[in-house]
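Visitor: Predicted coordinates and the sequence they were generated for:
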Amino acid sequence: MHTLSVRPPSGASLYNSPVRSTPDWKRRAWHLRWRTAPRLASAARIRVARLTHGHTRIVIPDSVFAGRGFRLEIPGAGSLIVGEGVQFRQGFYCEIDGEGELTIGAGTIFTGDAMIQCTTRISIGERCMFGQATFLADGAHLFRDWTKHLVDQGYNYRPLTIEDNAVVHTKSTVVANVGYRAVVAANSFVNRDVPAYTLVGGVPATVLEYFGPPAEEPAARP
């Protein structure tokens, strides 16, 4: 996963910082195309999201960056609460069904083509990072009744928590909790809770390494 450096939520990011004055017109043209224009487009997308979701609760601060392809699908009484300085860089899509609640902590980054499906509750902490084509969901299709089609069997729901500073690399699916500062390797399927300070990977994801305080090392799973 390739990302720009993450600054504290209270500071300006490369996506919302003012354009510095420069005598180089070529540099100014670059800033106009790749910094000023995206910020203006982001502000328009956020304004549209607020105006078209008056039936529900949406909190998106002006410091948030909403890139191309930012889309919300909240037909019911769900809610979306976004912290300061969050970046939805490109292709972010979110479905919140019923009275689902999604919260995203300050400084979190979604790089590209991320998708979230929420029906109960999904809580994402501060300064988390999500690589390209990551998927988060708090539910899964039931499928074991061989007499019914999958779409007629309902769902198994489970609230989801991604703790502060967690990192989920590209093309990973997360349907279980991820602990503080944990790292999910690329192309992983997380269906069991991930302990804090661990690197997990694989399908299904397993603990590959622990890098936290010795006293907090999790017990080995059976």
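Guide: Noted; the coordinates are in hand. Numbers count the residues shown, from 1 in each chain.

Visitor: Check this protein for its longest helix and report it.
Guide: helix 37-51 (DSSP state H).

Visitor: Any buried residues in it, and which?
Guide: In terms of neighbour count (16 or more other C-beta atoms under 10 Å), helix 37-51 has its buried residues at P38, S42, R45, I46, A49. Quick note: C-beta positions are derived from backbone N, CA and C, even for glycine.

Visitor: Next up, the contacts around the second one.
Guide: When you say that, I think you mean S42. Residues in contact with S42, defined by C-beta atoms under 8 Å, 6 or more residues apart in numbering, are Y15, V64, F65, A66, G67, F70.

Visitor: Please produce a PyMOL select command covering the buried subset of those.
Guide: To isolate the buried ones among the contacts of S42 in PyMOL, judged by 16+ other C-beta under 10 Å, type:
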select buried, resi 15+64+65+66+67+70
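
Visitor: Mind checking which of the contacts of S42 are in strands?
Guide: F65, A66 (DSSP state E).

Visitor: mind giving me TSV with the contacts of S42 and columns for pLDDT and distance to T206?
Guide: Output for the contacts of S42, formatted as TSV (pLDDT from 0 to 100; distance: C-beta to C-beta, whole Å):
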residue	pLDDT	distance to T206
Y15	60	35
V64	97	35
F65	97	34
A66	97	35
G67	96	33
F70	97	34
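
Visitor: Next, format the contacts of S42 as CSV and append distance to M129.
Guide: CSV is the format used below for the contacts of S42 (distance: C-beta to C-beta, whole Å):
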residue, distance to M129
Y15, 14
V64, 16
F65, 14
A66, 17
G67, 15
F70, 18
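
Visitor: which one of the contacts of S42 is nearest A133?
Guide: Using C-beta to C-beta, G67 comes nearest to A133 of the contacts of S42, at 14.6 Å.

Visitor: Now do stretch 130-139, average pLDDT.
Guide: For stretch 130-139, the mean per-residue pLDDT is 96.

Visitor: What's opposite I58 in the beta bridge?
Guide: In this entry, I58 is beta-bridged to L80, by DSSP bridges.

Visitor: list the contacts for it?
Guide: Residues in contact with I58 (C-beta under 8 Å, 6+ apart) are A49, R50, L72, I74, S79, L80.

Visitor: Report the central residue of this structure.
Guide: What sits nearest the mean C-alpha location of the chain, by C-alpha atoms, centre = their mean, is F110, with 5.1 Å.

Visitor: mind showing which ranges of the protein have poor pLDDT?
Guide: Along the chain, the model assigns pLDDT under 70 to residues 1-23, 220-222.

Visitor: which residues in it form helices?
Guide: 25-31, 37-51.

Visitor: wait, doesn't F130 sit right on A114?
Guide: Yes - counting by C-beta atoms under 8 Å, F130 touches A114, with 5.2 Å between them.

Visitor: Quick check: neighbours shared by those two?
Guide: With C-beta under 8 Å, 6+ apart, F130 and A114 have common neighbours L136.

Visitor: more neighbours, those two?
Guide: Comparing F130 with A114 by other C-beta atoms under 10 Å, the one with more neighbours is F130, at 31 against 22.
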